[in-house]
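Q: Give me the fold of what follows.
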Amino acid sequence: MRSLRRRARLAAAAAGAVIVGASGFLFASSAHADVDIVHIGAVQGSIADGDTDFTSPLAGQTVYVQGVVTQLTMEANGNKGFFLQEKADATDGDPLSSDGIFVFNNKFSTVRTLNGSPAQAELGANWTVKVGDEIVVRAVVGSYFGNIQFSGGSTFVYDVVASGLDPLAEIAAVEVDPPDNAKASTEYFRRHLGMQLTVPADSVVTAGRDVYSSGGEVWAMRGDSEAAQQDGYAARAFRDAHPLDTVEGNFDDGNGYLFVMGDMGIRATEGTNETVIAPAKTYDVITEANTGGVYLSFAKYGIQVANDLALEGGLEPAENEPVEPAGRNEAGIASYNIENLYDFRDNPNSGCDFAGNTGCTDAEDPEGNVKPPFNYVPASYEEYEAQLLRQAGQIVEDLHSPAILMTQEGEAQDVCSVNPEWTEDADLGPDRLVCDLANTGEANTGGDGAPDSIQELALVIAEYGGPDYTATGDLDSADTRGIMTGFLYQPKLAGLSKVKSWDPVFGAAPKVEYPTEADAINADVQNPKALNAALPQEVIDQCKSSGVFACNGFDVFSRPAQVAKFFLKDKHGFKASEIYLINNHFSSGPNTRVLHRTEQANYVAAISAAILDHDRRAKVLAGGDLNVFPRPDDPFAEGQVISGDWVGPSDQLAGLYEHSGLSSLHDLMVEEHPEAAYSYTFMGQTQTLDQMFVSPALLREVEAAVSAHINADYPADAYDFGEEPAYGRYGVSDHDPSIVTIDIR
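A: Next up is the predicted model:
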């Protein structure tokens, strides 16, 4: 503890001096009683190596601290705040504690002065927040989801010590330089929580900008980091299990050298909450140093830079192992998560697909209940159509119009059919489809057996100049909120095979060996067909609402696996071969819902085994968004405690690797082009969630397997902030499509 007489202005007062306050008033500093001031470092606490408890040692206590206002902040919702940091010569001298703290101030630009304080005598009831003021505040030490902070509701200004200071000249200037190890990196940022850190010029973006309702963020690394020095497309952050990670071996460091920048400071600088951080893409270079306070939100320590990013374009992600068009006697088969492709029509059969709907409930699967607001619904038909057009452009230009596409996250709705007046040149817009938006269930007259959103996507592909596609899919593959897997195929290149009632998968009694009761939908005789079953009781007994034991209801799938059998045509249009496709969208994770996703892999393995037991030469492809990593990657390191005596690796796809009769094409991708072997970015690093597994007969026909890097590395859309897509069709989804090219001779 130090007294105000030692740390503020009383030394001058003892000599009979007077001090000029922030507003120019004169007052004698000896006119008030002493108060005890603590260092901000004492509020933040000293973080030793290996610490796991980051709570403040003074949590809940009322303290006086002194510091310089270094930066203002503004959130997307208009909430304001500021960072307060001690002068370089007035800290506690402890490098393990932070010298700065964040003050949340709600919608206000002022902070109340303390009753009877010098600040109140000088300024009245309120002090206007101003960068460069050195102030003494009395505040209650609080925490907001781990961010140690003061709240404006319990913070009072006791004194304004000085005004008009240059904050960055008064505090210790620190360039961000986190260690490689993830645990050590977390400790590093916790020791700088609330302090100003500078992002140096030549830092390199490692993941395209993400955008949330709260704003945007960009992940980067220093330009002199080991990862940034790698050649070409390898100059980025790969998950530790990837062969291009900078430290040899699996689960070695967690890529702690990464850091994330947010835009709370940018909004305050620009004076508006209608802005978002620059649309950076992977490999862009930051050309100007940028400084901001460290703020903890959603378990991420973000540097809230004061100015927008100055960027120089780096390598083009889309040119990293691009898809080659299928040649003669070849066919392309793609898997594409089209990210919440909901149309702008209020489905009368759904209570959760449009603004104003009350929500969706499922008495048998209450974990899947969906309540408003539904932030996946487009804001307008124009926004929905723009998504269709960008995805159509990717399918035609970047995927080169594969023969078949497996889609995930299309809307599970069939209340529309193609307008008889539609042609590629008709320009009908929302009237491409004729819909019944009034009647429900069997009384609805609008459906035609094809899911509406991907059917409209097929029409837009043709309008774009691409080939004709047919949409198909079993609506029983939908989850409660109404997204499903589906298929698009070119009739000139492929068709749906006819199936019999005795078929081992598509028939009335599927031969899928799984130790629980099959769902009623399994008895449907159709192609495509959704399949599902009850979860094993031992899994249900462990199901909780969150964490590794979370479950999406009591069936194996919240979004049932969907199987389709296609025949592929040769150049003359004759049937050349048949292929089984198992289209999947596993429960999200990867480090949650572990048992649930493990059973999903087991069930898909059982579907594949049923096909191959019937015909060992069958060509089978199982794929989609599996929401967990391929071997040897894993969300849990070997020996890491998952729960109780359950330790990593979790190996959630073990069923596919060991009991399906299929081989992972990710292994082929890593071997042939490791720098392009990923489908997603998260927390600044690459990872693979979208995968394909193929049977031996199909593996022999594989000519190429790649991910098209046209989405995950590009900035997410910022429509809510008035920004149009910065890179045209790129970045329309958060997943990169995967495509395999096969020889059909």
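Q: The lengthiest helix in the chain: which residues count as buried?
A: Taking DSSP state H as the criterion, the chain has its longest helix at helix 594-614. For helix 594-614, a neighbour-count test (16 or more other Cβ atoms under 10 Å) marks 594-612 as buried. Where C-beta positions appear, they are placed from N, C-alpha and C, glycine not excepted.
Q: Mind giving me the packing neighbours of that helix?
A: helix 537-540, strand 561-569, strand 575-585, strand 620-625, helix 654-659 (3 or more Cβ pairs under 8 Å, 6 or more residues apart in numbering; DSSP states H and E).
Q: Now mean pLDDT and mean neighbour count too, for these, in JSON lines please.
A: Output for the helices and strands packed on helix 594-614, formatted as JSON lines (pLDDT from 0 to 100; neighbours: other Cβ atoms under 10 Å):
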{"stretch": "helix 537-540", "mean pLDDT": "96", "mean neighbour count": "13"}
{"stretch": "strand 561-569", "mean pLDDT": "98", "mean neighbour count": "24"}
{"stretch": "strand 575-585", "mean pLDDT": "96", "mean neighbour count": "22"}
{"stretch": "strand 620-625", "mean pLDDT": "98", "mean neighbour count": "26"}
{"stretch": "helix 654-659", "mean pLDDT": "98", "mean neighbour count": "17"}
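Q: among the ones you listed, which is nearest Val418?
A: Smallest distance to Val418 across the helices and strands packed on helix 594-614 (Cβ to Cβ): 20.7 Å, for strand 561-569.
Q: What segments of the stretch 351-500 of the chain are strands?
A: Secondary structure of the stretch 351-500 of the chain by DSSP state E, counting those that start in this stretch: the strands cover 404-411, 416-418, 433-435, 470-472, 483-489, 494-496.
Q: And the longest one, what's buried?
A: So the one you mean is strand 404-411. Within strand 404-411, the residues that count as buried by 16+ other Cβ under 10 Å are Ile404, Leu405, Met406, Thr407, Gln408, Glu409, Gly410, Glu411.
Q: what sits against Tyr376?
A: Tyr376 sits next to Asn340, Tyr342, Arg481 when contact means Cβ atoms under 8 Å, 6 or more residues apart in numbering.
Q: Can you tell me how far the second one is from Ala173?
A: Put plainly, it is Tyr342. 48 Å (Cβ to Cβ, to the nearest Å).
Q: More neighbours: which of the two?
A: A direct count of neighbours by other Cβ atoms under 10 Å for Tyr342 and Ala173 places Tyr342 higher, at 25 against 12.
Q: Touching, that one and Asn375? I think so.
A: No. Here Tyr342 does not reach Asn375: they are 10.6 Å apart, not a contact under Cβ atoms under 8 Å.
Q: who wins for proximity to Ala139 among the helices and strands packed on helix 594-614?
A: Ranking the helices and strands packed on helix 594-614 by proximity to Ala139 (Cβ to Cβ) places strand 620-625 first, at 45.9 Å.
Q: helices or strands next to the closest one in the packing?
A: strand 330-341, strand 404-411, strand 575-585, helix 594-614, strand 690-694.
Q: Distance to Arg729 added to these, as JSON lines?
A: Formatted as JSON lines, the helices and strands packed on strand 620-625 follow (distance: least, Cβ to Cβ, whole Å):
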{"stretch": "strand 330-341", "distance to Arg729": "13"}
{"stretch": "strand 404-411", "distance to Arg729": "16"}
{"stretch": "strand 575-585", "distance to Arg729": "23"}
{"stretch": "helix 594-614", "distance to Arg729": "31"}
{"stretch": "strand 690-694", "distance to Arg729": "18"}
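Q: Pull out the buried residues from stretch 286-298.
A: Using 16+ other Cβ under 10 Å as the test for burial, stretch 286-298 gives Ile286, Asn290, Thr291, Gly292, Gly293, Val294, Tyr295, Leu296, Ser297.
Q: Would you pull up how far that stretch lies from the middle of the chain?
A: In terms of Cα atoms, centre = their mean, to the nearest Å, the centre of stretch 286-298 is set 19 Å apart from its chain centre.
Q: what's the answer for stretch 179-199, then?
A: On Cα atoms, centre = their mean, the centre of stretch 179-199 falls 22 Å from the chain's centre.
Q: Can you mark which positions in it are buried?
A: Neighbour-count burial for stretch 179-199 [16+ other Cβ under 10 Å]: 180-182, 185-199.
Q: Gly153 should be in a strand, yeah?
A: No. Going by DSSP: H, G, I helix; E, B strand; the rest coil, the assignment for Gly153 is helix, not a strand.
Q: correct me, but Gln44 touches Phe150?
A: No. Using Cβ under 8 Å, Gln44 and Phe150 do not qualify as a contacting pair, with a distance of 11.6 Å.
Q: Name the residues contacting each of those two.
A: Ile101.
Q: Now do the helices in this protein.
A: Secondary structure of the chain by DSSP H: the helices cover 4-7, 10-14, 40-44, 118-123, 167-170, 182-190, 264-270, 381-393, 452-464, 537-540, 594-614, 654-659, 665-672, 696-699.
Q: least reliable of the ones you listed going by mean pLDDT?
A: Mean pLDDT is lowest for helix 10-14 among the helices of the chain, at a mean of 34.
Q: For the stretch 1-150 of the chain, give me the ranges with low pLDDT.
A: 1-33 (pLDDT under 70).
Q: Which member of the buried residues of stretch 286-298 is positioned nearest Gly232?
A: Using Cβ to Cβ, these come closest to Gly232 at Ile286, 19.5 Å.
Q: Check the gap between that closest one and Ala48 for me.
A: 32 Å.
Q: contacting residues around stretch 669-686?
A: Counting by Cβ under 8 Å, 6+ apart, 206-208, 219-221, 232-234, 236-239, 242-244, 255, 258-260, 282, 300, 320-321, 666, 687-691, 705-707, 709, 712-713, 734-736, 738 sit against stretch 669-686.
Q: Would you mind checking the residues you listed for buried ones?
A: 206-208, 219-221, 233-234, 236-239, 242, 244, 255, 258-260, 282, 320-321, 666, 687-691, 705-707, 709, 712-713, 734-736, 738.
Q: pLDDT weak spots in the stretch 301-450 of the chain?
A: 364-367.
Q: Identify the residues contacting stretch 704-711?
A: Among residues not part of stretch 704-711, those counted as contacts by Cβ under 8 Å, 6+ apart are 317-318, 320-324, 394, 398-399, 665, 668-669, 673, 676-679, 688, 690, 692, 729-741.
Q: are any of those buried, and which?
A: Applying 16+ other Cβ under 10 Å to the contacts of stretch 704-711 flags 317-318, 320-323, 394, 398-399, 665, 668-669, 673, 676-679, 688, 690, 692, 729-741 as buried.
Q: Which positions in stretch 168-176 come out as buried?
A: For stretch 168-176, by 16+ other Cβ under 10 Å, it's Leu168, Glu170, Ile171, Val176.
Q: Double-check the last one against Ile303; I have them as touching.
A: Looking back up the chat, that one is Val176. Yes. Using Cβ under 8 Å as the test, Val176 is close enough to Ile303 to be in contact (6.5 Å).
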